[in-house]
Structures are given as structure tokens and as C-alpha cells.
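1. Give me a 3D structure for the following:
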Amino acid sequence: MSDVAIVAFGAISALGEGAAAATAGEPGSKARLGIARDAELANAGLYRPFAARASLPEGTTDRASALLDRALGACAASLDEAWPAWRQARVGLVLGTSSGGMRAAEAAFAAIARGDAVRDPEQATYFGPFARSARVLGLRVEPAAQVLGACASSTFAIGLGARWLERGDCDLVLAGGYDDVTVFVAAGFEVLRATTAAPPPRPFRAGRDGMSLGEGAAVLALVPARVAARERMRARAYVTGFGASCDAVHLTAPDREGRALSRATASALREAGSPRVDLVSPHATATPFNDPAEANAIAGVLREHAPVVHPFKAQVGHTLGAAGALELLTCVDAIERGVLPAAAGEGAIDVEPPVRLLDRAAAGAPRVGLKLSSAFGGANAALIVSSSPGTPREVRPVYVSAAVHVQGEPEPEELAALTGIAVDRLARTDGLVRLALAAVGRSRATGAVLDGAGVVVGSALATLETNAVFAARIRERGARAAEPRRFPYTSPNAVAGECSIAFGLTGPGFSVGGGMHAGLEALAAAAVLVGAGDADRIVVVAADEVGPTVRSLAGDALAHGAVSLVVSSEPTGAVARVGRIELARGVTAPSHHGHAPAGHRALLPLASQPVPRELVSASPPDASARVVLEPV
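-> Here you go, the predicted model:
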């Protein structure tokens, strides 16, 4: 079991800041609502222009960075009171996002289309707000990573942060997520028919027709329980279990039976010592397929009793990369104050098996909460939060196989043969997905055992080529004309999802992208999870699609291509053992990293003989990555 204590947090949502942002409510009260008609979405012409906006100063243009700054700053201020010397400790930073710097990216796409230069290329990337936040913090943070796991991003981030603490990689982790609401994302969800026409959303109820988007940010300060005790910090609650899985069924629709979500939940519960769960914070998008899948997972794993279910998205909207962290904080609040929270929405419960929703909050004594998240790509993650600590697990050795490199997409027929995917369906994916599929397919062709493995994808500039095409159509034809088939591929997690579907990768699956060193970031994340026992094998894919948009933003720093390899707990077939991992941000990169390869090229030495002693990469001006390799 994990013994990670939550000792401070900062949060902002449509309901307010601090404790108000993620409240479990007051006994006897109905759920507070933050969703309203949104002027920006209405002006864009969307049919369902509803969103839950957080309160920011008028005229704020970079809303994602502003939200993150508020949450991170509040968390730091709270830590200053709880642990005045925390800035002298070894601090890690892991954040999740679905959209990153999307507003700046849209402006950059338009500038590139006009033939203009982009003034701040970094701001237009998925990692722009993340990099800026580290600078504002004013500290060296190590490890540092950003999860691009779509709607489950911050749940994965908190789980990864807990694993860093178990390994002893740092003394304190700042973990959470952020996202704002943009026309780009809202148009995509609307054309997928995932948004409600009449808020508030009605999760698990008759007549539900989807969600509303929301914006927010939440950052939790995590420390080992022994550190909290040594420094006399009050633990608000403890993260005692984490589990993750992939459906490997469909890119945007969940497995109808909730089987993979059940596996993730069961794994988290086992780690936590199989406690009785009093409160469930579900993903709860109020869509026809998501809610029954979750109801099946909840009933299948928690057979003996019916915990209270609290669908917080119906109050603050779907905050995407912030959702997992904000919703986990409602569980923490419920445990701390002895509240069983109310569920927003009205109507009869319309899922089988039914879930337990409260019309009004009630006094109670919840001790254990379960947070569930699902995402594009079929990704699932679960966290257990408790009033009592657990005990950490041992870390096991991790090994890495030789890498397979592809420099371009194979011919359609060859890629179909490698993957088992029909040519016409491959044509509906994007270039980044096809590069990744080719690399993993060739790994399997060389004898790599993939069935049941997890998958972690690293991509320096992620899906910006696809995003530019999606954004161009909106600029030219309006938000209502957004392309439903292309929208899922604007999510970096689509790459992990398509690989999981093609190759039966049912373990933990998500993407990362905290900088130009994303290839090593993916290797590092996979090694940490395998070492912790979250999977026995994880496929690592580093892929970079280089077209006109990426060249405009990154020059010649990236090459077109992909690399695939396998990280395993078994030494058989390995070329090296993974040693020390360094993912540092907030400092000038070491001189020997100044010309280090970016993106997937940082993993290319694993395709050569002899295997080098280390892999290095960098994300100028202030982030670097290094993975030490030891002989098998």
C-alpha cells in the first residue's frame, strides 16, 4: 500500500478557489452549480454553448497558465505554513493536461497560415503552461513530467507522483492538473454529441444527454507519511492505492461492461489493503455509454455494499486535465469534514446496476474514497484516498529491450499487415498515430511480447500537425463545422489508444509531453510504473510528426519518425537495466545536454550496439533528461 500524505493543496474551479473549488457541500444542502450559458461559445455559434468558467481577472488571455498559476501559488502558500523549509527539500512536479497551451496554439496556427512568425513558440505547445509554471515556482524541480492522458491526466499524474515518492526520487511532489475551456475543444465535443442541451448534466439519470465543459486547476502537495510526521505536518488524507488500465476496444467509447475500469479499480483496492469504500467520485460524463460502464465497474468491484456516488462534473463541468485532481479533493473534503455529498441533476436513476445518489448532502463518517477516471484512448485510472496511511511497496528492477526505429510511414498495405487494421481505417487516423503503429508493429515482428502490456507514448510537440488542420476548418467554416472524425486525433492520448487497440495493450496507457525531451520522459514513466508493479511490461513509443506547423515552431530540432521498445520486470531479452532517472526542470540544462537529441531520437542509441551508458535529452532553455543504463 502507498503511504503518501496529502498535506496541502491549491485549487480553482467555477465554484471558487481553495476549499470552495472542490467542496463536498454542507449537510442538508443541495449540490452547488457552476455551469451557465457561455458568451465565448455562444459567439462562436455552438448549439450547446454551456460551460463552467472559473473567475479570472477580466482581460486574461492565457487562461490555462492563469488557472495553473492560481492553483500552484495557493498550494505553495499553504506549504509555506505547513512546512516552512519545503523549498530546501527535493521537490518533484507532475501535472496533467488535456489541452495545454491550446489558446496560444490556435493563434500560432493562424499566424503560420498567414505566413507570419510565431513570437513565442513554446507558449503554443502542450507543455507551454507547464514550463512557465516551473519558472514561476522559482525552484529546481526533479522529477518533472507532464501527463497528456486526456480526461484522466491528473489522476495519472497523482499516481505517478506517489510512485516517485515510493522510489525515494524526491521528498515532496506537487501533483495535479489544469485546463481552460476553448472553442477548439468545445466544438469537438459538441460534434461528437457529448455535450448537454440543458444543464446541469444528469449523470446516471434518465434523460441524460452529455456533459458541459468546465475549467479549473488543482495542485496537491504529496509527501511520504514519515516526512509528514517528522515535519509535524497535518495529513489531510492519504493516497493509499493506484491502478491503471486500457480498454483496448475503441478510441472514444468505453468498454460497455467496464471491464478495464474494474481491473484498474481492483488493482488500486488491492494496494490499499481492500478497504470498505464509503464514497465514489466517478468519471460521470452523463453520456449514454460512460455511465452504465462505470456503474458496472463500481458494482462489480464493490459487491458487498453501495457507497455514495458523487458526480462532481455535474457541478463544475468536465474540467478535463484538472478533473481527476479536483474530484479527488472532494473526497478529501468529505473525509475531513464528515460529509456525504449530494449529486447534482434530477430524474430517476437510469443505469443497471443502479448507483446511490443523494439529493442533499448528509452528515456521515466516510473514511475511504475511490476516484475513477476514463479518457479518450480507452485509458482508465483509479485512486484510493483514506483517512489512514498504508505502507509503501518495494521497488523492483526494470529492464529495457532494444529499440526499433521507423523514419516514416510504411505503405498502407504494409502497415495493415503489421497491425491487422484495415487500410481504410488506417486512412482515418493521423500521421502521428501511423508512425507509432508502425514502430510497435515492427517491434512485435521482431519477437517482442506485447499482449497485456501497458503503453506510454512520448511526443515532443504531440498532435500539433493534426490540431492545425482541425483549427483551420473552424477558422474557415465556423465551430459548427468541426470535423468529428478528426477531433479524437487532436488528443495526444489517441496515439496510446490506437496502439492499445491494435496490439492488445491492456495495461496502463497514456501519453506524456513535458518538453522536447518527451521520448526519455516516456521511458522514465514506464520504468517507474513497472518498477512499482503497476505492470510487468510496458511498451514505450516515442513519435514525432514533423510537418509545416512543427517546423515553424521547432525548426530542425525534431525529426520525423518513431521508436518503440519494451520496458519489463524480466531481464530475458533485455539489452540493459534501467538505473538512475533524472527529469529536471527549472535549471539551465547541463552543457553536455546542449546539443542532446530531442524527441524520439533520444532513444535511438538503444537500437545500436554496444548499448551506451546513458541516454540524454533536453528541452531548452531549462529542462533536461537523463537515464542511466546498467549492464544486464
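2. which secondary element of this structure has the worst mean pLDDT?
-> Of all helical and strand segments in the chain, the minimum by mean pLDDT, DSSP states H and E falls on helix 290-301, at a mean of 89.
3. Give me the contacts around it.
-> For helix 290-301, the surrounding residues in contact (CB atoms under 8 Å, 6 or more residues apart in numbering) are 203-204, 208, 254-259, 261-262, 265-266, 269, 280, 282-285, 307, 309, 351-355, 372, 374. Quick note: C-beta positions are derived from backbone N, CA and C, even for glycine.
4. Now list the buried members of these.
-> Those of the contacts of helix 290-301 that meet the buried threshold are 203-204, 208, 254-255, 258-259, 261-262, 265-266, 269, 280, 282-285, 307, 309, 351, 355, 372, 374, by 16 or more other CB atoms under 10 Å.
5. May I see the buried residues of the helix of greatest length in the chain?
-> In terms of residue count, the longest helix belonging to the chain (DSSP state H) is helix 63-82. Residues 63-72, 74-76, 78-79, 82 are the ones in helix 63-82 that count as buried (16+ other CB under 10 Å).
6. With stretch 158-177 instead?
-> By neighbour count on 16+ other CB under 10 Å, the buried set for stretch 158-177 is 158-167, 169-177.
7. Okay, and which of the residues you listed map to strands?
-> Among the buried residues of stretch 158-177, the ones falling in strands (DSSP state E) are 172-177.
8. quick one: which of the residues you listed is nearest to Gly45?
-> Gly177 (29.1 Å; CB to CB).
9. pLDDT of the longest helix of the chain, averaged?
-> Mean per-residue pLDDT for helix 63-82: 97.
10. export that helix as CSV, just CAs?
-> Extracted in CSV, the C-alpha atoms of helix 63-82 (Å, rounded to 0.1, in the frame of the first residue of the first chain):
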residue,chain,number,x,y,z
ARG,A,63,-6.4,31.3,-19.2
ALA,A,64,-4.7,27.9,-18.9
SER,A,65,-1.5,29.5,-17.4
ALA,A,66,-3.5,31.8,-15.2
LEU,A,67,-5.5,28.9,-13.7
LEU,A,68,-2.4,26.9,-13.1
ASP,A,69,-0.6,29.8,-11.5
ARG,A,70,-3.5,30.4,-9.1
ALA,A,71,-3.6,26.7,-8.0
LEU,A,72,0.2,26.3,-7.8
GLY,A,73,0.6,29.6,-6.0
ALA,A,74,-2.0,28.7,-3.4
CYS,A,75,-0.5,25.3,-2.9
ALA,A,76,2.9,26.8,-2.4
ALA,A,77,1.5,29.4,0.1
SER,A,78,-0.2,26.6,2.0
LEU,A,79,3.0,24.7,2.1
ASP,A,80,4.8,27.7,3.5
GLU,A,81,2.6,27.5,6.5
ALA,A,82,2.7,23.7,6.9
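11. Relative to Ala124, how far out is the nearest residue to Ile112 once chain neighbours are set aside?
-> Among residues not flanking Ile112 along the chain, Ser552 sits closest, at 4.8 Å (CB to CB, 6 or more residues apart in numbering). Distance, Ser552 to Ala124, by CB to CB, to the nearest Å: 10 Å.
12. same thing with Met516?
-> Met516 is 14 Å from Ala124, where distance means CB to CB.
13. Same question for Ile298.
-> 40 Å.
14. Repeat that for Leu279.
-> According to CB to CB, Leu279 stands 40 Å off from Ala124.
15. more crowded one of these two?
-> Neighbours were tallied for Leu279 and for Ala124 using other CB atoms under 10 Å; the higher tally belongs to Ala124 (27 against 24).
16. Counting neighbours, what do you get for the nearest residue to Ala117 once chain neighbours are set aside?
-> Computed as CB to CB, 6+ apart, the closest residue to Ala117 that is not its neighbour in sequence is Ala111, at 7.1 Å. Using other CB under 10 Å, Ala111 is surrounded by 15 other residues.
17. got it, and the one 3 residues further on?
-> The local packing count at Arg114 equals 7, with neighbours defined by other CB under 10 Å.
18. Can we start the residue count at 270 from this point?
-> Yes, from this point I'll number from 270; that puts the last item at Arg383.
19. where does it land on pLDDT?
-> Reported pLDDT for Arg383: 94.
20. What residues does it make contact with?
-> Neighbour list for Arg383: empty [criterion: CB under 8 Å, 6+ apart].
21. returning to what we had before: helices - which of the contacts of helix 559-570 land there?
-> Here DSSP H is the test, and those give 528, 530-531, 534-535, 538 as lying in helices.
22. Can you tell me which of these comes closest to Val508?
-> Distances from Val508 to the ones in helices among the contacts of helix 559-570, taken by CB to CB, are shortest for Leu538, at 13.1 Å.
23. Which residue comes closest to Ala351 once chain neighbours are left out?
-> Ala351's closest residue in space is Met502 (CB to CB, 6+ apart), at 4.9 Å.
24. Show the pLDDT at Arg572.
-> Reported pLDDT at Arg572 in the predicted model: 79.
25. give me the number of residues near it?
-> Residues lying near Arg572 (other CB under 10 Å) number 8.
26. for Thr292, same thing?
-> By other CB under 10 Å, 25 other residues sit near Thr292.
27. Torsion angles phi and psi at it?
-> phi -90, psi 150 (degrees, to the nearest 10).
28. what sits against it?
-> Thr292 neighbours (CB under 8 Å, 6+ apart): 284, 301, 599, 602.
29. how close does the closest residue in space to Glu435 that isn't next to it in sequence sit to Glu563?
-> Closest residue to Glu435 apart from its sequence neighbours, by CB to CB, 6+ apart: Pro661 at 4.7 Å. Pro661 is 29 Å from Glu563, where distance means CB to CB.
30. Same question for Gly342.
-> 34 Å.
31. before we move on, what about Thr330?
-> According to CB to CB, Thr330 stands 36 Å off from Glu563.
32. Those two: which is more packed in?
-> Set Thr330 next to Glu563 and count neighbours by other CB under 10 Å: Glu563 wins out with 29 against 9.
33. which parts of the helix or strand where Gly510 lies are buried?
-> Secondary structure assignment for Gly510, by DSSP states H and E: strand 506-515. For strand 506-515, the buried set under the neighbour-count rule, 16+ other CB under 10 Å, comprises 506-515.
34. and what of stretch 766-776?
-> Residues 766-772, 774-776 are the ones in stretch 766-776 that count as buried (16+ other CB under 10 Å).
35. Distance of Asp349 relative to Val601?
-> Per CB to CB, Asp349 is found 20 Å from Val601.
36. cool, and Thr424?
-> Using CB to CB, we find Thr424 at a distance of 14 Å from Val601.
37. just Glu327 next, same as before
-> Distance from Glu327 to Val601, by CB to CB: 32 Å.
38. Which members of the contacts of Thr292 define the maximum pairwise distance?
-> The largest separation in the contacts of Thr292, counting by CB to CB, is between Arg301 and Asp602 at 12.8 Å.
39. wait, doesn't Gly512 sit right on Ser531?
-> No: judged on CB atoms under 8 Å, Gly512 makes no contact with Ser531 at a distance of 9.8 Å.
40. now the strands for the stretch 620-769 of the chain?
-> 631-632, 637-644, 648-655, 668-669, 673-675, 723-727 (DSSP state E, counting those that start in this stretch).
41. Generate JSON lines for the ones you listed, with mean pLDDT and distance to Arg322 as supplementary columns.
-> Shown next, in JSON lines, are these (pLDDT from 0 to 100; distance: least, CB to CB, whole Å):
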{"stretch": "strand 631-632", "mean pLDDT": "96", "distance to Arg322": "29"}
{"stretch": "strand 637-644", "mean pLDDT": "96", "distance to Arg322": "22"}
{"stretch": "strand 648-655", "mean pLDDT": "96", "distance to Arg322": "26"}
{"stretch": "strand 668-669", "mean pLDDT": "98", "distance to Arg322": "45"}
{"stretch": "strand 673-675", "mean pLDDT": "96", "distance to Arg322": "43"}
{"stretch": "strand 723-727", "mean pLDDT": "98", "distance to Arg322": "31"}
